[in-house]
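Undergrad: After the sequence you'll find the predicted model.
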Amino acid sequence: MNEHYISLMAAYGTGVLLWLLANYAFKLIWKHHEPIIFEKPKLEFIFSIMAIFAILGIGQLYLRGLLIPNDGNEVIDAINQFLIFSPTLLLITIRKQPVETIWLPKSKILFRLVIGFVIAICSLMVYWLIRKNAPSFESQLTNTFHPKNISHLVQVFMEDITIALIFVRLSACIGNQRTITIVAILFAAGHIPSLLSSGFAVIEFGSLFLDAFIGVLVLSVISKSRDVWWFFILHFVLDMSQFYGGL
């Protein structure tokens, strides 16, 4: 198991723990009185799958340079990332569903963002402390939050609300716990092709179980909070560690 991977798992574990502490300290922020219910959950899940196919289709247009022409402008690329994932927002608009069904609560957004930022910085610090040959923490922060990464920020945010779109509707069909398990297993299985293509030792497959465990942990917390506002900052910061975390 490589050093980046170990550091990343520790950082996500830290993020989960810190959110649980924040939730304990600010109980009213993430208190939910009613479950999210759909009149026809199976139909809504089918619609969400259709949105995913639309996203994949637009993504292919992007790869072929058929969205907004771009010669390296980060803002234009951010707009293109928004367009790729726009079926998520289009679907809930057409279906006249509240943004809470993609885990975007409308109350105290700034507070949620601040909490997410603090959690992200602390988690990145854990990553930095564990990772050998890492650049200075100041350098990692500066590079991560550089304006050139605006398209990555938009991409992560749109990815997270798209995951929420699928998760909430599948959960309405089969229940929260089974949905968490299925999504976590699929997340872990998604790493199998890269393991096979890069050559692997049998012991490396043990990391898939850790993947699934971390996935269950993270999804349990996000589904409990029903809040992408705090999580996407953590997701973005740790995602960027693959570029700025070290050799």
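TA: Received, thanks. Computed from a predicted model, the values in this text were never measured in an experiment.
Undergrad: Pretty sure residue 45 is one of the things residue 173 touches, is it not?
TA: Yes: judged on C-beta atoms under 8 Å, residue 173 makes contact with residue 45 at a distance of 5.4 Å. The way it works is simple: take the backbone N, C-alpha and C, and place the C-beta from them, glycine included.
Undergrad: and these two? which has more neighbours close in?
TA: Between residue 173 and residue 45, counted using other C-beta atoms under 10 Å, the more crowded position is residue 45 (20 against 16).
Undergrad: what about the more buried one, which helix or strand?
TA: helix 41-63 (DSSP states H and E).
Undergrad: which element follows the helix or strand of the chain at the bottom of the mean pLDDT ranking toward the C-terminus?
TA: For the chain, counting by mean pLDDT, DSSP states H and E, helix 192-198 ranks last in confidence among helices and strands (a mean of 50). Towards the C-terminus, the helix or strand next in line after helix 192-198, according to DSSP H and E, is helix 206-225.
Undergrad: chain center to the helix or strand following that following helix: distance?
TA: Later in the chain than helix 206-225, the nearest helix or strand by DSSP H and E is helix 228-244. Helix 228-244 sits 8 Å away from the centroid of its parent chain (C-alpha atoms, centre = their mean, to the nearest Å).
Undergrad: Pull out the buried positions in helix 228-244.
TA: Within helix 228-244, the residues that qualify as buried by neighbour count (16 or more other C-beta atoms under 10 Å) are 228-241, 244.
Undergrad: tilt between the longest helix along the chain and helix 206-225?
TA: Secondary structure of the chain per DSSP state H: the longest helix is helix 150-174. Between helix 150-174 and helix 206-225, the angle comes out at 80 degrees (axes from the mean of the first three to the mean of the last three C-alpha atoms, to 10 degrees).
Undergrad: helices or strands up against helix 150-174?
TA: Secondary-structure packing of helix 150-174 (3 or more C-beta pairs under 8 Å, 6 or more residues apart in numbering; DSSP states H and E): helix 41-63, helix 74-94, helix 176-189, helix 206-225, helix 228-244.
Undergrad: for that helix, which positions count as buried?
TA: 151-173.
Undergrad: Same list, the helices and strands packed on helix 150-174, but as CSV with mean pLDDT please.
TA: Formatted as CSV, the helices and strands packed on helix 150-174 follow (pLDDT from 0 to 100):
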stretch, mean pLDDT
helix 41-63, 95
helix 74-94, 96
helix 176-189, 83
helix 206-225, 83
helix 228-244, 93
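Undergrad: most packed of those?
TA: Mean neighbour count (mean count of other C-beta atoms under 10 Å) peaks for helix 228-244 among those, with a mean of 22.
Undergrad: okay, that helix in PDB with CA atoms only?
TA: Taking C-alpha atoms only, helix 228-244 is exported to PDB below (Å, rounded to 0.1, in the frame of the first residue of the first chain):
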ATOM      1  CA  VAL A 228     -22.500  18.500   0.600                       C
ATOM      2  CA  TRP A 229     -21.500  22.100   1.700                       C
ATOM      3  CA  TRP A 230     -19.100  20.900   4.300                       C
ATOM      4  CA  PHE A 231     -17.900  17.700   2.700                       C
ATOM      5  CA  PHE A 232     -17.000  18.900  -0.800                       C
ATOM      6  CA  ILE A 233     -14.200  21.200   0.600                       C
ATOM      7  CA  LEU A 234     -12.700  18.200   2.400                       C
ATOM      8  CA  HIS A 235     -13.100  16.100  -0.800                       C
ATOM      9  CA  PHE A 236     -11.500  18.800  -3.000                       C
ATOM     10  CA  VAL A 237      -8.500  19.400  -0.600                       C
ATOM     11  CA  LEU A 238      -7.700  15.700  -0.300                       C
ATOM     12  CA  ASP A 239      -8.300  15.100  -4.000                       C
ATOM     13  CA  MET A 240      -5.700  17.800  -4.800                       C
ATOM     14  CA  SER A 241      -3.100  16.000  -2.600                       C
ATOM     15  CA  GLN A 242      -2.500  13.600  -5.500                       C
ATOM     16  CA  PHE A 243      -0.900  16.600  -7.300                       C
ATOM     17  CA  TYR A 244       0.700  18.500  -4.400                       C
END
